[in-house]
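> starting from these lines, generate the structure:
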Amino acid sequence: MIYRHFNAPSRAFSQFSHEIIRHPRLSSDAVRILTWQLSLPQGAHESLSRTAERARIGACAFTRAKRQLKEEGFVHERRVQGPGGRWMTQQLVSSSPLTADEAVKLLARTPLLTCANRVSPQVVPSPRKPAAGEPTTPPADGHPKKDPKGDTSYLPARTDTAESPHLDDARALVGALPLLSPALRHIPPAMRDELIRLAVRWLDAGHTPTDVHQHVLRGLPGAGTSVHRPGGLVRYLLRDVPPLQPSPSPRPLLSARLHGTRECSGEHIQPMLFRPVADETLCSACVPPVPAPS
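Sure thing, here's the model as predicted:
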């Protein structure tokens, strides 16, 4: 049997619903962040990430806990533009689940510079010292004296792939990447041209689209590991083109000792091989005897 002893605090306490403490879909980190936020005094300027930091909850655990709180309706966020055109994030933490419409109504009634709904404080840049001298217009003409060389990632992209006969196949290859694995479903559309250029290099080297797809699948992480930048992973996997492996030479059907022999077309119980002198198809045993001259 389990016995419980509880002394009600006389000060500095908060009341929480059993729905929060015993929620079946909230992890312990999510419950801790939610109860910590609800225990803060009204007007406290503390974001969810700061609460997780004070509670010693790691970045990955905080991301999962925040996602759970948003899915269950205890946390809502929206991006708003404040004074001076600066963007800020409003975070609404509630003791009971709210729908998106209910959260929008509550956030709309809260001034941006207050923290009644856990709004992150506005960040105002520090004053800068003005630059010396009169403002000048940057030059808009001219060009570099020489082309950049060496190991640099800022070289212009190659455009000679437009003349490749495998360009259409490369487009189809890249378009089929999201079908290979769920980890590749969210490749940014802006990276398609770059991945097509890389795929063209593989196809021009003699590799087939199946070879490229199998190479990408072998480079994906194991099951259960999320891929945050699938486009960058595919670009890394296709960066280097391996040499095409030569196909193995076919084995000879006959050994060297039987090279040049032919199967007799006569009647034999088993196949009979003989070495023809010209184009004969019968062995010496099947050739009819030549009649003697009379």
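> every contact and neighbour count from this point should use C-alpha atoms.
Will do.
> least trustworthy helix or strand in the protein by mean pLDDT?
The weakest-scoring helix or strand in the chain, judged by mean pLDDT, DSSP states H and E, is strand 273-274 (a mean of 80).
> helices or strands next to it in the packing?
In terms of contacts (3 or more CA pairs under 8 Å, 6 or more residues apart in numbering; DSSP states H and E), strand 273-274 is packed against strand 262-263.
> tally of neighbours for Ser94?
Neighbour count of Ser94, defined by other CA atoms under 10 Å: 18.
> err, Ala30, not the other one
The burial count assigned to Ala30 is 24, neighbours taken as other CA under 10 Å.
> any idea which element it lies in?
Taking DSSP states H and E as the criterion, the element that holds Ala30 is helix 28-39.
> tell me the buried residues in whatever helix or strand comes next after that helix?
Next along the chain after helix 28-39, taking DSSP H and E as the criterion, comes helix 48-54. Residues of helix 48-54 classed as buried: Leu48, Ser49, Thr51, Ala52 (neighbour count, 16 or more other CA atoms under 10 Å).
> check the first one and give its pLDDT.
Leu48 carries a pLDDT value of 91.
> just checking, it touches Thr35?
No. With the criterion set as CA atoms under 8 Å, Leu48 and Thr35 do not qualify as a contacting pair; they are 11.3 Å apart.
> alpha carbons only: can I get the helix holding Ala30 in CSV?
In CSV, the C-alpha atoms belonging to helix 28-39 read as follows (Å, rounded to 0.1, in the frame of the first residue of the first chain):
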residue,chain,number,x,y,z
SER,A,28,7.5,15.5,-17.8
ASP,A,29,9.5,18.3,-19.4
ALA,A,30,6.4,19.7,-21.0
VAL,A,31,4.5,19.6,-17.6
ARG,A,32,7.4,21.3,-15.9
ILE,A,33,7.7,24.1,-18.4
LEU,A,34,3.9,24.7,-18.3
THR,A,35,3.6,24.7,-14.5
TRP,A,36,6.7,26.9,-14.2
GLN,A,37,5.2,29.4,-16.6
LEU,A,38,1.9,29.4,-14.8
SER,A,39,3.6,30.0,-11.4
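> contacts for it, please.
Helix 28-39 is contacted from outside by 13-14, 16, 20-21, 48, 51-52, 55, 57, 61-62, 65-66, 68-69, 74, 93-95, using CA atoms under 8 Å, 6 or more residues apart in numbering.
> what about burial for those, which qualify?
With burial judged by 16+ other CA under 10 Å, the buried subset of the contacts of helix 28-39 is 20, 48, 51-52, 57, 62, 65-66, 68-69, 74, 93-95.
> I'd like those residues as JSON lines, with secondary structure and distance to Phe274 appended.
Shown next, in JSON lines, are the buried ones among the contacts of helix 28-39 (DSSP: H, G, I helix; E, B strand; the rest coil; distance: CA to CA, whole Å):
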{"residue": "Ile20", "secondary structure": "helix", "distance to Phe274": "92"}
{"residue": "Leu48", "secondary structure": "helix", "distance to Phe274": "90"}
{"residue": "Thr51", "secondary structure": "helix", "distance to Phe274": "92"}
{"residue": "Ala52", "secondary structure": "helix", "distance to Phe274": "88"}
{"residue": "Ile57", "secondary structure": "coil", "distance to Phe274": "85"}
{"residue": "Phe62", "secondary structure": "helix", "distance to Phe274": "82"}
{"residue": "Ala65", "secondary structure": "helix", "distance to Phe274": "82"}
{"residue": "Lys66", "secondary structure": "helix", "distance to Phe274": "84"}
{"residue": "Gln68", "secondary structure": "helix", "distance to Phe274": "82"}
{"residue": "Leu69", "secondary structure": "helix", "distance to Phe274": "86"}
{"residue": "Phe74", "secondary structure": "coil", "distance to Phe274": "90"}
{"residue": "Val93", "secondary structure": "strand", "distance to Phe274": "94"}
{"residue": "Ser94", "secondary structure": "coil", "distance to Phe274": "95"}
{"residue": "Ser95", "secondary structure": "coil", "distance to Phe274": "96"}
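> fine by me, thanks again.
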